[in-house]
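>>> can you look at this prediction? I've put the sequence above it.
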Amino acid sequence: METSAHRPTWKTLLAFAIIYFVWGSTFLAIRVGVREVPPFLLAAMRFSVAGLVLCAWTAARGERGPRGREWASAFVLGTLIFVLDYGLLFWAEQRVPSGIAAVMLAMIPVFMALSEIIFLRTQKLTLRLGVALLIGLAGVAVLMSRSLNLGGAPIDRSGAVALIIASMTWSIASIFTRKLPLPPSKMMSSGVQMLVGGILLVVVAGALGEFRNFHPASVSRGVWFALLYLIVAGSIIGFTAYVWLIHHESPTKVGTYAYVNPVVAVLVGYFLGGEQIGLRTILGTAFVLVSVVVITTTRQTKPVAPVTEGRAADVVEV
């Protein structure tokens with residue numbers, strides 16, 4: 001992390017505003033887009049264009065592109081992050097309000113913590129962590145429950161399941177990111193993953209017959225604007241701001257976007273998208289955010305490895 005006393009404060013504030021509010025507002029842009037464009041095709045257009053721009057930009061700056069096994073890594077991560085995580089998000093937003101979709105995806109730290117406890121064994125299950133995990137799962141239960149009389153309809157089950165799977169695949173991708181060989185430049189690495197993911201999404205969209213249901217002439221101007229917003233503001237500008245912050249601020253500060261994005265998405269969906277905010281939404285969101293805050297601020301406690309193993313977990317931290 002770089003620090004500089006001469007760095008203008010406005011740059012830092014602007015970068016945080018972008019990852020807070022732009023990323024939070026992209027959930028509504030997705031919901032607007034999938035009303036007229038098939039979901040996997042819309043995701044393919046977003047990430048293939050954004051990935052191509054980022055790759056071209058970083059290559060023009062002289063940064064090294066992927067080599068050999070790094071292409072295989074980009075294929076694996078492109079599948080997990082963009083085909084499964086984002087593809088399922090775009091698909092789910094046909095059925096789930098954008099704000100609730102953002103809240104459900106805020107469960108990613110919960111599944112990452114579970115992965116570290118169960119599979120990687122790089123984290124120890126403490127009372128604090130266990131309570132936080134239960135609170136997060138309770139938040140999802142509140143949003144999905146048909147038996148609790150909280151007002152407002154529970155979210156669509158198929159959409160909810162898709163979002164849970166999306167959160168899980170992101171946590172799995174985070175594990176692989178620690179182990180797989182990737183280009184040294186974060187910008188190039190993410191651009192290549194976006195580009196590969198976008199191409200794979202084109203294949204998925206074709207296999208699902210989405211091209212037959214897509215007629216560009218019938219797509220409204222508002223949807224084209226939503227797609228442009230996703231590509232330029234959400235992917236290119238948003239990611240550039242994120243990478244800049246990672247190099248100038250602590251990961252803890254940068255990671256606060258995970259708390260803010262769902263709140264922004266819920267409010268944007270309410271004021272601009274006509275989505276409802278009832279007791280169910282408030283309680284479910286509150287439970288999930290409390291869980292995420294506790295988990296991400298819990299100091300990692302690694303379990304003691306057995307003497308017979310003689311080594312720590314095989315995980316290389318980024």
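Arrived safely. Residues are numbered from 1 along each chain as shown.
>>> and A132, what does it touch?
Shown in contact with A132 (CB atoms under 8 Å, 6 or more residues apart in numbering): 110, 113, 290-291, 294-295, 298. The way it works is simple: take the backbone N, C-alpha and C, and place the C-beta from them, glycine included.
>>> show me how to select, in ChimeraX, the buried members of the residues you listed.
Here is the ChimeraX selection string for the buried members of the contacts of A132, based on 16 or more other CB atoms under 10 Å:
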select :110,113,290,291,294,295
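>>> which of the contacts of A132 fall in helices?
110, 113, 290-291, 294-295 (DSSP state H).
>>> pull the most distant pair out of the contacts of A132.
Spanning the widest gap among the contacts of A132 are A113 and V290, at 14.0 Å by CB to CB.
>>> which of the helices and strands in this structure ranks last by mean pLDDT?
helix 251-254 (a mean of 81; mean pLDDT, DSSP states H and E).
>>> list the contacts of the helix or strand following that helix.
Where DSSP states H and E defines the elements, the next helix or strand beyond helix 251-254 is helix 257-271. By CB under 8 Å, 6+ apart, the residues outside helix 257-271 that reach it are 16, 19-21, 23-25, 27-28, 31, 97-103, 105-106, 108-109, 242, 275-277, 281, 285, 288-289, 292-293, 296.
>>> now which of those would you call buried?
Those of these that meet the buried threshold are 16, 19-21, 23-25, 27-28, 31, 97-103, 105-106, 108-109, 242, 275, 277, 281, 285, 288-289, 292, 296, by 16+ other CB under 10 Å.
>>> on that earlier part again, E93: which of the ones in helices among the contacts of A132 is nearest?
When the ones in helices among the contacts of A132 are compared for distance to E93 (CB to CB), V110 wins out at 20.6 Å.
>>> sorry, back to before: now, the buried ones among the contacts of helix 257-271 that are in helices?
Short answer: these in helices (DSSP H) are 16, 23-25, 27-28, 31, 98-103, 105, 108-109, 242, 281, 285, 288-289, 292, 296.
>>> name the SS class of A217, please.
Secondary structure of A217, reduced to three states by DSSP: H, G, I helix; E, B strand; the rest coil: helix.
>>> how about the contacts of A132 in JSON lines, adding pLDDT and distance to K11?
Conversion of those to JSON lines gives the following (pLDDT from 0 to 100; distance: CB to CB, whole Å):
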{"residue": "V110", "pLDDT": "87", "distance to K11": "32"}
{"residue": "A113", "pLDDT": "86", "distance to K11": "32"}
{"residue": "V290", "pLDDT": "94", "distance to K11": "32"}
{"residue": "S291", "pLDDT": "93", "distance to K11": "32"}
{"residue": "V294", "pLDDT": "91", "distance to K11": "31"}
{"residue": "I295", "pLDDT": "89", "distance to K11": "30"}
{"residue": "T298", "pLDDT": "80", "distance to K11": "31"}
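>>> brilliant, that's me finished.
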